Each structure stands twice: as C-alpha cells, then as structure tokens.
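Asker: Test case, fold it:
(chains A and B)
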2 protein chains.
Amino acid sequence: MPEDWSLTAEEQRAWRRYVEMQHGLERHLAQHLQREFGMSEADFEILVNLSESSNGRMRAVELADATQWEKSRLSHHLTRMEKRGLIARQPGENRYPEVVLTEAGWSAIKACAPANAARVRQLFVDVLGADRLATLSEIAGDVLAAIDQHQKSDSSVGDRGR
Amino acid sequence: MPEDWSLTAEEQRAWRRYVEMQHGLERHLAQHLQREFGMSEADFEILVNLSESSNGRMRAVELADATQWEKSRLSHHLTRMEKRGLIARQPGENRYPEVVLTEAGWSAIKACAPANAARVRQLFVDVLGADRLATLSEIAGDVLAAIDQHQKSDSSVGDRGR
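Answerer: Numbering: from 1, shown residues only, chains lettered A, B, ... in the order given. This is a model prediction of the structure:
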C-alpha cells in the first residue's frame, strides 16, 4: 500500500469521532431495548424485518439477506426466539422454510418499536436537524456506492489471481 | 412515549441509510482485515489501543475503558490473543495486571494499520471530502454530547425511582 494513503491527523480524528458516535448510539439503543423490553438488538432486528414484510412472514433466505447475518448465526438466533414464543418456523409455499411472527412477537415489536424510534429522534434526528440529516443521508448513499464498487473490483481481482 | 416522537418517512429513511452505511463499512473493513491479515476487528481494536499507549502496555482496566467491552469479553479475547503470541499479560507497577504488546503484536499492527487506513481513506474520507467530513465530525460530537446528557438523566431517574 503506498504511504500517501495514510490519514492526516484531522482525518483520523474525524473517522474516530464517527466510530465513537456509532458505538455510542449502538450501545445506548441496545441498553435501552434490553432494560425496558428485555430485548436484544438482534431480536429487534428480526422482529422489525418480519413486521415490515407483507404479512409478518419471510423466507429464511430473505431474512438472511435482509440482516446480512451468517446462516448459522441466524439459525441459532431464530431457535432462541422460537423458544421464547416470538416467532415460529413453518414450511411455506413450495416448502421453503418460512419464519412467522407469533402474536407475542407482534405485541413485542408494537411495544418496543415506538420507544426505540423515540430514542432515535432524541439522540440523532433532532440533534442533527433536517439539513445535516439530508447531508448524512447523501453521505451514506455515496459511501455505500463506493463499497459496492470496491467489492466488485475485489472479486474481479480474486477471479484473476488468487 | 407520546406518539409525536415517531419518525417521519424521510427521517426513518435517513436513519436506515446511516445504519446501512455503518454496517457496510464495518463488514467491509472486517472482511479485509480477516482476509489479508487473519485478524478480527476485535484483535485490531486491542492492538491499536496498545500500540498507541505510551510504551505498548496498558492496564487491563484502561483497556476495558478504551474498548468499552464487558470485562469477561475482554478477558476471553486477551486469552486468545495471548495464545497467538500477540500480547502478554504481566503484573505491572503496584501489581495491577498489565497487557503488553509482544514483538509479534507490534509486527502485526505495523502491517495491518496502514492497509486499514488506506481502506478508510478510499471508502470514507475521500468519498466525503473535507467539508462533509468536518460536518460529520461536528455531528458526531453533538450526538455524543446528547447521549451523555441522556445517560445522566437515565441514571438520575434510576436513583430516584427504581
């Protein structure tokens, strides 16, 4: 790697500050979900995805795609949530396994989603204000496009050489 | 929670886009460290902290504070890194346990830190540009201050009532 790829002190400070914000937000939101609702971030992510699907059910592969979790992590986590009665696993159309929100799962997400959104507003949306929120949204789009570009070039390097 | 704390569609879109960027960056940087250096994000975080301390050594409590990890997670991870020869644990001054970078640990961080910084530049710093980077740094400071404020009021509620 050429040396001039390194970060200036100011760039490094900005990057670290961003990482610190990210960890701070994650930790605060996770603690809040845990303390108020006995819910982990992972539980919440699964429940949100299912509750926003057309009828509270998704194929396991769609859920893996939406969460970007490893298959084994997803499967273990779904087993734990099934034991707690929050979801059920059923064979769906064409026998593809589907994950379904139970009534307890619906109640859980209806209780904690508004409280989580309120925290997001207090700690993030209202702190940024509309202009900076729009800038951040634009930044996120650009960074995601750059990652996408790099992943493509990484895999084409892989195809050629490794 | 009053209902008007909920997010508008646009606010929710911006928040999700931000979360997506964060996950995308984390995943990409982690994959890169793993593939090129056989190093996890957790390994990297420990090595960076130690390498930036005054002489490659920190008390375990300082490391817990810097990483914000649970004590048991830190202890397990340090055991694994010790087995791989990257760090050593020694009694320090006043017999407080200290964590020390070994020569292999120094070599590892010297190899992977520049490569990681180069990815951060390519996918983040250069994508944002100086102005947006400054805005993001300011945003991060404001959000961290808001979290700090909330944590104080959460714990004072705890003191009073629970």
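
Asker: ok, A:Ala108 to A:Val48 distance?
Answerer: 11 Å (Cβ to Cβ, to the nearest Å). To be clear about C-beta, it is placed using only N, CA and C from the backbone, and glycine gets the same treatment.

Asker: what about these two, which has more around it?
Answerer: A:Ala108 (24 against 17; other Cβ atoms under 10 Å in any protein chain shown).

Asker: thought the more buried one was touching A:Glu36?
Answerer: No. Taking contacts as Cβ atoms under 8 Å, A:Ala108 lies outside contact range of A:Glu36: 11.6 Å.

Asker: Which elements pack onto the top helix by length along chain A?
Answerer: Counting residues, the longest helix in chain A under DSSP state H turns out to be helix A:126-161. On a contact count with 3 or more Cβ pairs under 8 Å, 6 or more residues apart in numbering or on different chains; DSSP states H and E, helix A:126-161 meets helix B:9-37, helix B:126-161.

Asker: Would you indicate which residues of that helix are buried?
Answerer: A:127-128, A:132-133, A:135-137, A:139-140, A:142-144, A:146-147 (16 or more other Cβ atoms under 10 Å in any protein chain shown).

Asker: rewinding a little: with mean pLDDT added, can I get the helices and strands packed on helix A:126-161 in JSON lines?
Answerer: Shown next, in JSON lines, are the helices and strands packed on helix A:126-161 (pLDDT from 0 to 100):
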{"stretch": "helix B:9-37", "mean pLDDT": "94"}
{"stretch": "helix B:126-161", "mean pLDDT": "87"}
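
Asker: Ok, which of those helices comes nearest B:Glu70?
Answerer: Ranking the helices and strands packed on helix A:126-161 by proximity to B:Glu70 (Cβ to Cβ) places helix B:126-161 first, at 17.1 Å.

Asker: Helix A:126-161 and the closest one, what's the angle between them?
Answerer: 130 degrees (axes from the mean of the first three to the mean of the last three Cα atoms, to 10 degrees).

Asker: and helix B:126-161 with helix B:9-37, angle?
Answerer: 110 degrees.

Asker: just to revisit the earlier point, of all the buried residues of helix A:126-161, which comes closest to B:Arg13?
Answerer: Using Cβ to Cβ, these come closest to B:Arg13 at A:Ser137, 7.0 Å.

Asker: quick check: angle from the one helix or strand A:Ala64 maps to to helix B:9-37?
Answerer: For A:Ala64, the host element (DSSP states H and E) is helix A:60-67. Counting by the same axes, to 10 degrees, helix A:60-67 lies at 90 degrees to helix B:9-37.

Asker: Next, count neighbours for A:Gly105.
Answerer: The tally of other residues near A:Gly105 (other Cβ under 10 Å) stands at 24.

Asker: Verify the contact between it and A:Leu50 for me.
Answerer: Yes. Judged on Cβ under 8 Å, A:Gly105 makes contact with A:Leu50 at a distance of 7.0 Å.

Asker: Ignoring the adjacent residues along the chain, who's closest to A:Ser53?
Answerer: Leaving aside its chain neighbours, A:Ser53 sits nearest to A:Glu62 (7.8 Å; criterion: Cβ to Cβ, 6 or more residues apart in numbering or on different chains).

Asker: so how far is A:Met81 from the one you found?
Answerer: As judged by Cβ to Cβ, A:Glu62 and A:Met81 stand 16 Å apart.

Asker: neighbour-wise, which of those two wins?
Answerer: A count of neighbours by other Cβ under 10 Å puts A:Met81 above the other of A:Glu62 and A:Met81, at 23 against 15.

Asker: partner residues bridging the closest residue to the more buried one other than its chain neighbours?
Answerer: Computed as Cβ to Cβ, 6+ apart, the closest residue to A:Met81 that is not its neighbour in sequence is A:Ile87, at 4.9 Å. A:Ile87 has these beta-bridge partners by DSSP bridges: A:Leu101.
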